[in-house]
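>>> Okay, predicted coordinates and the sequence, questions at the end:
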Amino acid sequence: MPSARKPTTAKASKAKISTKPKNRKAKAQPKPEAAVVPAVELQAAVPPAAGPDAPAGASKTLSGLDAAAIVLREASAPLNAQDLVGLMLERGLWKTEGKTPAATIYAAMIREIRSKGSTSRFLKADRGRFAAVG
């Protein structure tokens, strides 16, 4: 015996969506005046750069791409991202708490190759392997 109910369609179910008016933002309240920020001397705000005459504890950590470029320049053969990150962390050139540092470095190198083209520091030597340019 056929069902007496009429089958519902997607249009019929969409019609059942609430038709309440959307909340409108209240009239804009005047913003409080911004507090005056005292002028700070620039030299006091900028930390000293780590250089050859800097104290031993003031070493600056490198970005992931800078560390990768250093390791690849010193490598004798192209490296994959996993090996590259292992060497970077082993030498203390880069620190990360991420769960997938190899994927992060891989994506960053690919992005630099695409955006900078021939001026990139990296070269994709083979599938999944990178080398330093020059």
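Sure thing, it's come through. Numbering: from 1, shown residues only.
>>> other SSEs contacting the helix or strand where A102 lies?
Taking DSSP states H and E as the definition, one finds A102 inside helix 101-116. Using 3 or more CB pairs under 8 Å, 6 or more residues apart in numbering; DSSP states H and E as the contact test, the elements touching helix 101-116 are helix 64-74, helix 81-91, strand 122-126. For the C-beta atoms, the positions are set from N, CA and C on the backbone; glycine is no exception.
>>> Let's have those in TSV, adding mean pLDDT.
Shown next, in TSV, are these (pLDDT from 0 to 100):
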stretch	mean pLDDT
helix 64-74	93
helix 81-91	93
strand 122-126	92
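>>> Need the pLDDT of T61.
We have a pLDDT of 77 for T61.
>>> What's the separation between the residue nearest to it when sequence neighbours are not counted and R114?
In space, T61 comes closest to K95 once its chain neighbours are excluded; the distance is 5.7 Å by CB to CB, 6 or more residues apart in numbering. Using CB to CB, to the nearest Å, K95 is found at 26 Å from R114.
>>> In terms of neighbours, single out the busier of those two.
K95 (12 against 9; other CB atoms under 10 Å).
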